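Asker: Okay, sequence plus prediction incoming.
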Amino acid sequence: MTFAYPYVLLALALPILLIIFQWRAHARPLALPFDHQDVAHAKWLARLLNVVNIFPALLLALAILLLAGPRKFERPKSEREMTNIQFCLDVSGSMGASFGAKSRYDVAMDSLNRFLTYRKGDAFSLMVFGGHQLRWVPLTTDVSAFRFAPPFLHPYKLPQWFSGGTFIGKALKQSEKYLTTTETGDRMIILLSDGASADLSGGSDVEIAQSLKANNIIVYAVHIGRGDVSPEVSVISSITGGETFSAGDPAALQSIFRKIDEMQQAEMKRLTPDPVDYYQPFIITSLSLGGLYLLTLFGLRYTPW
């Protein structure tokens, strides 16, 4: 327990002195007729009267403690660490191909939006890429923009110059640039694509992966459709501490998102406890002591006559 105004506690010297004076002082005796009779002395009564007479000093001490502002530290709390998640969604022309009852793009968007419901408290961003990149949603905890995005980003609705080609390397570099602006929380990229990249050869994959790892960014790569994730993308995921997945059908894609959520669990951090006012025990004690003292005044007090 601490006090907001500890210097006020110096005033406790006054009630302490009053208690010492009350306990050690002796009143001048007054001779009365019954003093000459053979009556047993009740020493316990004298001690009881001394105890009762120090009640005002104790009330003064409690008042000083209240003025000093007693405080206690509340129980430390836990806070969920935020994870900053950047979605990199391939919107090249091949993402318009059939994938179950819908296109690969539509299934990816549906799975992405469902994944958002698993991760309460995280911040999300959406970037689409093909031959170029476009950050459609900046990092935010408000995911409403994701639900309205699908009709506007379909590969068949985008300009051909934008959706032509698959440049994963450029998309990852741009995502890294955005994620490194965050000061708190973990960083993660979820890459969704259905093809190989034209800009990860010649050691670029290792270079990009090492840069992402240095900035504490984990990459999870998901290949949509038949086949496996390209070797270059697998290298990037492995170096950054992530993993690669292949989704051969819509159900598999849903399962992959659930697995990513389980693998990248949100961490909890302990918060420093804050001091809070702690008047209750002192007030209860003061009221109880004051009430008891009032009762003693009705019959238990010292009178010299």
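Answerer: Yep, that arrived.
Asker: how about the strands in the stretch 151-300 of the chain?
Answerer: 186-193, 217-224, 244-247, 268-270, 275-277 (DSSP state E, counting those that start in this stretch).
Asker: The first one to strand 217-224, inter-axis angle?
Answerer: Relative orientation of strand 186-193 versus strand 217-224 (axes from the mean of the first three to the mean of the last three Cα atoms, to 10 degrees): 20 degrees.
Asker: Next secondary structure after the helix or strand bottoming out on mean pLDDT in the chain?
Answerer: Within the chain, confidence by mean pLDDT, DSSP states H and E is lowest for strand 78-80 among all helices and strands, at a mean of 56. Toward the C-terminus, strand 78-80 is succeeded by strand 83-90 as the next helix or strand (DSSP states H and E).
Asker: List the neighbouring strands of that following strand plus their orientation.
Answerer: strand 123-129 (parallel), strand 186-193 (parallel) (DSSP bridges).
Asker: so how many other residues sit close to P275?
Answerer: 15 (other Cβ atoms under 10 Å). Just so you know, the C-beta spots here come from the backbone N, C-alpha and C atoms, and that holds for glycine as well.
Asker: What's opposite it in the beta bridge?
Answerer: F73.
Asker: Look at it and report its pLDDT.
Answerer: pLDDT, P275: 76.
Asker: Helices of the chain, residue ranges please.
Answerer: Using DSSP state H, the helices of the chain run over 13-24, 43-53, 55-67, 104-116, 144-147, 160-163, 168-179, 204-214, 231-240, 250-263, 280-296.
Asker: okay, those in CSV with mean pLDDT and mean neighbour count next?
Answerer: Listed next are those as CSV, based on pLDDT from 0 to 100; neighbours: other Cβ atoms under 10 Å:
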stretch, mean pLDDT, mean neighbour count
helix 13-24, 85, 13
helix 43-53, 74, 13
helix 55-67, 89, 17
helix 104-116, 91, 21
helix 144-147, 89, 14
helix 160-163, 85, 16
helix 168-179, 93, 21
helix 204-214, 94, 18
helix 231-240, 93, 20
helix 250-263, 84, 16
helix 280-296, 87, 13
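Asker: Take these and lay them out in a markdown table including distance to A97.
Answerer: A markdown table is the format used below for those (distance: least, Cβ to Cβ, whole Å):
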| stretch | distance to A97 |
| --- | --- |
| helix 13-24 | 86 |
| helix 43-53 | 92 |
| helix 55-67 | 75 |
| helix 104-116 | 6 |
| helix 144-147 | 23 |
| helix 160-163 | 13 |
| helix 168-179 | 18 |
| helix 204-214 | 25 |
| helix 231-240 | 19 |
| helix 250-263 | 13 |
| helix 280-296 | 68 |
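Asker: Looking at the ones you listed, spot the one closest to A198.
Answerer: helix 168-179 (8.3 Å; Cβ to Cβ).
Asker: So which elements touch the closest one?
Answerer: Applying 3 or more Cβ pairs under 8 Å, 6 or more residues apart in numbering; DSSP states H and E, we find helix 168-179 packed against strand 83-90, strand 123-129, strand 133-140, strand 186-193, helix 204-214, strand 217-224, helix 231-240.
Asker: can you dump the C-alpha coordinates of the fourth one into CSV?
Answerer: When you say that, I think you mean strand 186-193. Only the C-alpha atoms of strand 186-193 are listed here, as CSV (Å, rounded to 0.1, in the frame of the first residue of the first chain):
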residue,chain,number,x,y,z
ASP,A,186,3.4,-8.9,-34.4
ARG,A,187,3.7,-8.8,-38.2
MET,A,188,2.4,-11.3,-40.6
ILE,A,189,1.8,-11.6,-44.4
ILE,A,190,-0.7,-14.1,-45.8
LEU,A,191,0.0,-14.6,-49.5
LEU,A,192,-2.8,-16.0,-51.7
SER,A,193,-1.8,-16.8,-55.3
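Asker: Tell me how far it lies from the chain's centre.
Answerer: With Cα atoms, centre = their mean, to the nearest Å as the basis, strand 186-193 stands 23 Å off its chain's centre.
Asker: Could you tell me the angle between that strand and helix 250-263?
Answerer: Between the axis of strand 186-193 and that of helix 250-263 there is an angle of 170 degrees, by the same axes, to 10 degrees.
Asker: buried ones in strand 186-193?
Answerer: Buried residues in strand 186-193, counted by 16 or more other Cβ atoms under 10 Å: D186, R187, M188, I189, I190, L191, L192, S193.
Asker: so which of those comes closest to H223?
Answerer: Closest to H223 out of the buried residues of strand 186-193 is S193 (6.7 Å), distances taken as Cβ to Cβ.
Asker: Can you verify my assumption that the closest one contacts I168?
Answerer: Yes - using Cβ atoms under 8 Å, S193 is in contact with I168, at 6.2 Å.
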